[in-house]
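**Student:** coords please:
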Amino acid sequence: MKADASPAEPDDAGVLHPTYALDDTVHQRVRLGILSITREADQVEFGFLKNQLAVTDGNLSRHLKVLENSGLIAMRKGYEGRRPRTWVSITSKGKRALDAEVQALRRLVHRLDTGGTSS
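**Tutor:** So this is what the prediction gives:
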């Protein structure tokens, strides 16, 4: 890509820079972590996510709300014994978004490894 090109402008070969395909909703570190962890299991408990991602309750709640509002995760509230719990699962849309993010990151790494604009 030319240095003076706009972020959405293709390079001379007609290819957008791989970072253009990154999704800001998914790419944020905590949200990427939530999607990655929930992709590995049917559902994950709020406290497990909090511990794995080393975030506060409030911080995790805000990120979960963004993902839920985007349709990338589903949340279910209930009880385990007498203790209230929140379980989080990734949706089909969330799986597709995570897959697209991983592919964009792979293209970026490939580009950096090869030092060129090949995709």
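**Student:** going forward, measure contacts and count neighbours with C-alpha atoms only.
**Tutor:** OK.
**Student:** what's the closest non-adjacent residue to Phe101?
**Tutor:** Phe isn't right for residue 101; it's Glu. Distance criterion CA to CA, 6 or more residues apart in numbering; nearest residue to Glu101, sequence neighbours excluded, is Leu22 at 5.8 Å.
**Student:** neighbours of that neighbour, just the number please.
**Tutor:** A count of neighbours around Leu22, defined by other CA atoms under 10 Å, yields 18.
**Student:** ok, it - contacts?
**Tutor:** Residues in contact with Leu22 (CA atoms under 8 Å, 6 or more residues apart in numbering) are 101, 104-105.
**Student:** What segments of the chain are helices?
**Tutor:** For the chain, helices defined by DSSP state H occupy the ranges 24-27, 29-39, 46-53, 57-69, 92-114.
**Student:** Please identify the most buried of those helices.
**Tutor:** helix 29-39 (a mean of 19; mean count of other CA atoms under 10 Å).
**Student:** How far away from the center of its chain is it?
**Tutor:** Mean C-alpha position of helix 29-39 versus that of the full chain (CA atoms, centre = their mean, to the nearest Å) differs by 6 Å.
**Student:** Can you name every helix or strand that that helix contacts?
**Tutor:** In terms of contacts (3 or more CA pairs under 8 Å, 6 or more residues apart in numbering; DSSP states H and E), helix 29-39 is packed against helix 24-27, helix 46-53, helix 57-69, strand 83-90, helix 92-114.
**Student:** That one to helix 92-114, inter-axis angle?
**Tutor:** What separates the directions of helix 29-39 and helix 92-114 is an angle of 120 degrees, with axes from the mean of the first three to the mean of the last three CA atoms, to 10 degrees.
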